[in-house]
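Peer 1: Provide a 3D model corresponding to the input given below.
(chains A and B)
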Number of protein chains: 2
Amino acid sequence: MSDPAIPQLTRESVVAAHKLIEPYVHKTPVLTNTTISKLASIPRTPAELEGTEWAGRTPARPVMRLWFKCENFQRIGAFKARGAFHAIEKLKQTPGWLESGGKEKGVVTHSSGNHAQALSLAAQVNQIPAYIVMPSISPIPKVNATRGYGAKITFSGSTSVEREAVTASVIASTGAVLIPPYDHPDIICGQGTASLELQDQVSESLSSPNPPYTSLSSSQKERSLNAIITPCGGGGLLSGTALSCSGLPIKVFGSEPSYEGADDCTRAYNSHPTDAVRIETVKSLTIGDGLRTPVGKIPWSIIYERMLVSGMYSVTEDQIKSALKLVYERMKLVVEPSAVVPLAVCLYNEYFRAMVEKEAGEEGWDIGVIFSGGNIDLGKLGDLLNGA
Amino acid sequence: MSDPAIPQLTRESVVAAHKLIEPYVHKTPVLTNTTISKLASIPRTPAELEGTEWAGRTPARPVMRLWFKCENFQRIGAFKARGAFHAIEKLKQTPGWLESGGKEKGVVTHSSGNHAQALSLAAQVNQIPAYIVMPSISPIPKVNATRGYGAKITFSGSTSVEREAVTASVIASTGAVLIPPYDHPDIICGQGTASLELQDQVSESLSSPNPPYTSLSSSQKERSLNAIITPCGGGGLLSGTALSCSGLPIKVFGSEPSYEGADDCTRAYNSHPTDAVRIETVKSLTIGDGLRTPVGKIPWSIIYERMLVSGMYSVTEDQIKSALKLVYERMKLVVEPSAVVPLAVCLYNEYFRAMVEKEAGEEGWDIGVIFSGGNIDLGKLGDLLNGA
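Peer 2: Next comes the predicted model:
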């Protein structure tokens, strides 16, 4: 990492974050699902690969045992609560913050999504004012949900220039501290705590008398978590997860929608083995609406420059819809489209599947899959699923 | 119970059933939700009671801590798997059944709902043929789901006479044993096992270092499960639950939709304190499609004649929709409309709420709520919720 302003984050940074936020966030459950793991372990047919970049290839034969970390059950319905609570705990520890009236001045961010609600909740719990800058075209339910956590909302235009100008003026008039959605060490370490819990929960379950997936395991060899795959938008969750696994024999993978170039991190990551350049602009309307952002500078430094992520994979809109349908029908869980992008990779991306086959062999892998959130417009779910 | 053909079922019958089916069914999780429990513990406003049978009454002030038993996570997506696996285990134990070719002759039922899928799965796991009689107007997805478990489907007309005639002819030609959906001791005891687990799971959680709902508890007195409320269609789940609590200080309540008279059990139950007569016909198209059936003879004998159920309550279609929306949005769970009828009673039925206030006082009650299933046409969810 070349930038001296970025502290050298480690697994210990994530462990420390977890201690700070434990009283405020849910330890969300980890679920398993035999049907979906079996589906992921069936080779796709040559017909299914026709018309794709894998046409004519021999379908991969990976064995996957999937462990779903249900951050859709997290406070505000998404993992973002972790980063927001952590950022505020760190703020409270900052020398001089309290004395200079920091608690009265509050915090500010620009977001219309889960980070806005997360920061609003964390601020409310700590009795700190929260200022949220939102595009004036934001859906009313999102505005109301954020307001429901007591935040003061200021509307802006939709471009990043307009948004940043309004944010700057809020800061000038209030003295609030900016808490960005992902490009910040405290946010990254907070998001990584989900994978820290996942590691422990899988270990516990595997050492229980009847561990899941014995039917999908080919030997009596001791099993442990082999990999974790997360969605990647701004990269806070993915880079935090990577930190949480650093030094451990657990590989970390990222996933993105390919629609309209939302796979910026995948494209950059794969463009050069050692000297790739981060893509800084994305303009995509993928249904994975939490993943429309380009990956941030600090996340990129962890994901690519420090090589803590072992691979990036992308999926199509139809594949996201199919995975979404599967989770609703077979797991009975409400998840948002962004949340199922990692599962879609496990099910449909032949590069990922061939890699698992090669690395894991017949033994297979136990793979942690982060369901990042469950905030979805249910009125539109029918249209989404009918298209699948 | 006057009918000597009905064995005297007890809590022990349910405990025995649980031992038999444990290897085949999921021990589904019990979830809590602070937001929904707080909502249930806020008095309704006088305005909300206008235009209802409670207009002008002082709104009740109950304190409720709700524990949700998630049978939507059960195999086939509903508690019905419990009764079906139990019926087949009992069949396997029946003297002479195997010797007379019972395993080849198989089992039969008439149902287009969860019982059809449950019996098909239980039969498939035991390598026994299953014959399902379904109305020819059944939705294709339900037909396919049942076929997916290997069942042989025979179509019939929609009336009970047509249905029973076809069932009789299947029995005549195959020798299959009829496993009815609810009016059978083995089915009832199987369904009761969900509440048996719920009792243990709540006790465990309440004796953990940080039990849920301390903020909704007014004293340091030791808490325990005070009541369980379930949906009531044919009454298998409700009567099984009542058996599972008999002899314990846990009250059991039933709930039904009031739409087009689907509240047959509630109406009969409340018609006379000791000498009520079961209502044998119901013709309702309530959205709680699992609850369109009149309560069965054996369930009624347990619910009313043996007085093992302490009260019956009903809710409107709009109240079911509101509860449904709440569960999707706040709990991120996929449940079917029938499953949220008990929650709707907790939230909206002033008779129930006033009873809890009176019985529980400021102390409040810990109430088990059975989410009976999660099999819903997701394409129609938007329409359902938009009406809420």
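
Peer 1: run through the residues that contact residue A:327.
Peer 2: A:36, A:333, A:335, A:340, A:343, A:371 (Cβ atoms under 8 Å, 6 or more residues apart in numbering or on different chains). Every C-beta, even on glycine, is put in place using the N, C-alpha and C of the backbone.

Peer 1: tell me, which of these make contact with chain B?
Peer 2: The overlap between the contacts of residue A:327 and the neighbours of chain B (Cβ under 8 Å from any Cβ of the partner chain) comes to A:333, A:335.

Peer 1: among the contacts of residue A:327, which one sits closest to residue B:226?
Peer 2: The shortest gap between residue B:226 and any of those belongs to residue A:333, at 29.3 Å (Cβ to Cβ).

Peer 1: I'd like to know how far the closest residue to the closest one other than its chain neighbours sits from residue A:308.
Peer 2: Nearest-residue entry for residue A:333: residue A:327, 5.5 Å, with adjacent residues in sequence omitted and distances by Cβ to Cβ, 6 or more residues apart in numbering or on different chains. Counting by Cβ to Cβ, to the nearest Å, the gap from residue A:327 to residue A:308 is 28 Å.

Peer 1: what about the residue of the stretch 1-150 of chain A found nearest chain B, distance to residue A:66?
Peer 2: Residue nearest to chain B within the stretch 1-150 of chain A (Cβ to the nearest Cβ): residue A:72, separated by 4.5 Å. The span separating residue A:72 from residue A:66 equals 15 Å under the rule Cβ to Cβ.

Peer 1: do the same with residue A:340
Peer 2: As defined by Cβ to Cβ, residue A:340 lies at a distance of 12 Å from residue A:66.

Peer 1: of the two, which one has the most company?
Peer 2: Under the criterion of other Cβ atoms under 10 Å in any protein chain shown, the comparison of residue A:340 against residue A:66 puts residue A:340 first, with 31 against 27.

Peer 1: which intervals of chain A have sub-threshold pLDDT?
Peer 2: A:1-6, A:220, A:387-388 (pLDDT under 70).

Peer 1: which parts of it sit against chain B?
Peer 2: Residues of chain A lying near chain B (Cβ under 8 Å from any Cβ): A:29, A:70, A:72-73, A:77, A:325, A:328-329, A:331-335, A:374, A:378-383, A:385-386.

Peer 1: at 7 Å what do you get?
Peer 2: Listed as neighbours of chain B in chain A under the rule Cβ under 7 Å from any Cβ of the partner chain: A:29, A:72-73, A:77, A:328, A:332-334, A:374, A:378-382, A:385-386.

Peer 1: was I right about residue A:311 contacting residue A:256?
Peer 2: No. The pair residue A:311 / residue A:256 is not scored as a contact, 11.8 Å apart, by Cβ atoms under 7 Å.

Peer 1: show me what contacts the residue of the stretch 1-150 of chain A closest to chain B?
Peer 2: A:333-335, A:339, A:371, A:373-374, B:332 (Cβ atoms under 7 Å, 6 or more residues apart in numbering or on different chains).

Peer 1: list the residues that contact the closest residue to it other than its chain neighbours.
Peer 2: Counting by Cβ to Cβ, 6+ apart, residue A:374 is the residue found nearest to residue A:72 once chain neighbours are left out, at 3.0 Å. If you count contacts by Cβ under 7 Å, 6+ apart, residue A:374 has them with A:72, A:77, A:334-336, A:339, B:332.

Peer 1: ok, now with 6 Å
Peer 2: Taking Cβ atoms under 6 Å, 6 or more residues apart in numbering or on different chains, we find residue A:374 in contact with A:72, A:77, A:334-336, B:332.

Peer 1: export those residues to JSON lines and tack on secondary structure and distance to residue A:90?
Peer 2: Putting the contacts of residue A:374 into JSON lines (DSSP: H, G, I helix; E, B strand; the rest coil; distance: Cβ to Cβ, whole Å) gives the following:
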{"residue": "A:72", "secondary structure": "helix", "distance to residue A:90": "26"}
{"residue": "A:77", "secondary structure": "helix", "distance to residue A:90": "23"}
{"residue": "A:334", "secondary structure": "coil", "distance to residue A:90": "31"}
{"residue": "A:335", "secondary structure": "coil", "distance to residue A:90": "29"}
{"residue": "A:336", "secondary structure": "coil", "distance to residue A:90": "27"}
{"residue": "B:332", "secondary structure": "coil", "distance to residue A:90": "28"}
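
Peer 1: which one among those gets closest to residue A:264?
Peer 2: Ranking the contacts of residue A:374 by separation from residue A:264, with Cβ to Cβ as the measure, puts residue A:336 on top at 19.8 Å.

Peer 1: does that closest one touch residue A:376 like I think?
Peer 2: Yes. In this structure, residue A:336 sits in contact with residue A:376. The criterion is Cβ atoms under 6 Å, and the distance is 4.4 Å.

Peer 1: surely residue A:66 is within a strand?
Peer 2: Yes. The assignment for residue A:66 (DSSP: H, G, I helix; E, B strand; the rest coil) places it in a strand.

Peer 1: with adjacent residues omitted, what lies nearest to it?
Peer 2: Using Cβ to Cβ, 6+ apart, the closest residue to residue A:66 is residue A:37 (4.9 Å).

Peer 1: isn't the one you found up against residue A:67?
Peer 2: No. Here residue A:37 does not reach residue A:67: they are 9.1 Å apart, not a contact under Cβ under 6 Å.

Peer 1: circling back to that earlier point, residue A:311 and residue A:256: which is more packed in?
Peer 2: Under the criterion of other Cβ under 10 Å, the comparison of residue A:311 against residue A:256 puts residue A:256 first, with 32 against 18.

Peer 1: who's the more buried one bridged to?
Peer 2: Beta-bridge partners of residue A:256, counted by DSSP bridges, are residue A:314.

Peer 1: which residues touch it?
Peer 2: Contacts for residue A:256 (Cβ under 6 Å, 6+ apart) come out as A:232, A:262-263, A:266, A:291, A:314.

Peer 1: closest one of those to chain B?
Peer 2: Within the contacts of residue A:256, the smallest distance to chain B is 18.9 Å, found for residue A:291 (Cβ to the nearest Cβ).

Peer 1: excluding its backbone neighbours, what's nearest that closest one?
Peer 2: For residue A:291, the nearest residue in space outside its immediate sequence neighbours is residue A:233; the separation is 4.0 Å by Cβ to Cβ, 6+ apart.
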